[in-house]
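here you go, sequence then predicted model.
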Amino acid sequence: MGISAGGKSGALKSEINVTPLVDVVLVLLIIFLVTMPIKMRFITLEVPKKIDDVEKVIVAKQIVVTVEADSTVVINDGSKDISINRAELADTLRPIVAGKVGERVVFVDFKDGVVYGDAVSIMDTIKSVNAEKVALKIRDEAKPAP
């Protein structure tokens, strides 16, 4: 494959033959390039749709759960506010979610001072009462987070 300097003409060469290595690497590269687009097809994303006109948005009966820093929970089902303890959340929310027509989305608003572990526990409780989605309520842009 190249010029051999020194040594006997019939002696063994201690050089690495890189041709098979390059062949194997190229085959693996082609395999990865072919299989990557196939794997990418199975990733599903749910991207929210852009709403051009704010007045077109129909504000349906939304369920909003507000969690205060002292572990009191306020449930707003679109018509009234229900103030309860955190322990009563599942029992109170279950009939409200079951009576919702259409997509059962529950919005959660955590006030400042709520512990992260409590927030996750409350979202798990909301998911356990057959809510299809648990969404975080966004704050007003005029008021930045502290």
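Received it, and whenever you're ready, just let me know what you need.

need the contact list for residue 62.
76, 78, 105, 107 (CB atoms under 8 Å, 6 or more residues apart in numbering). Backbone N, C-alpha and C define where each C-beta goes, glycine included.

next: residue 107.
Per CB under 8 Å, 6+ apart, neighbours of residue 107: 62-65, 135-137.

name the nearest of those residues relative to residue 99.
residue 63 (9.9 Å; CB to CB).

partner residues bridging that closest one?
residue 106 (DSSP bridges).

just checking, it touches residue 76?
Yes: under the criterion of CB atoms under 8 Å, residue 63 is in contact with residue 76, at a separation of 7.3 Å.

of those two, who's got more company?
residue 63 (20 against 17; other CB atoms under 10 Å).

show me what contacts the more buried one?
75-78, 93, 96-97, 100, 104-107, 131.

just residue 123 next, same as before
Residue 123 neighbours (CB under 8 Å, 6+ apart): 108, 134.

with residue 79 instead?
residue 61.

now residue 118: closest residue in space that isn't a chain neighbour?
With CB to CB, 6 or more residues apart in numbering as the criterion, residue 118 has its nearest non-adjacent residue at 6.9 Å, and that residue is residue 71.
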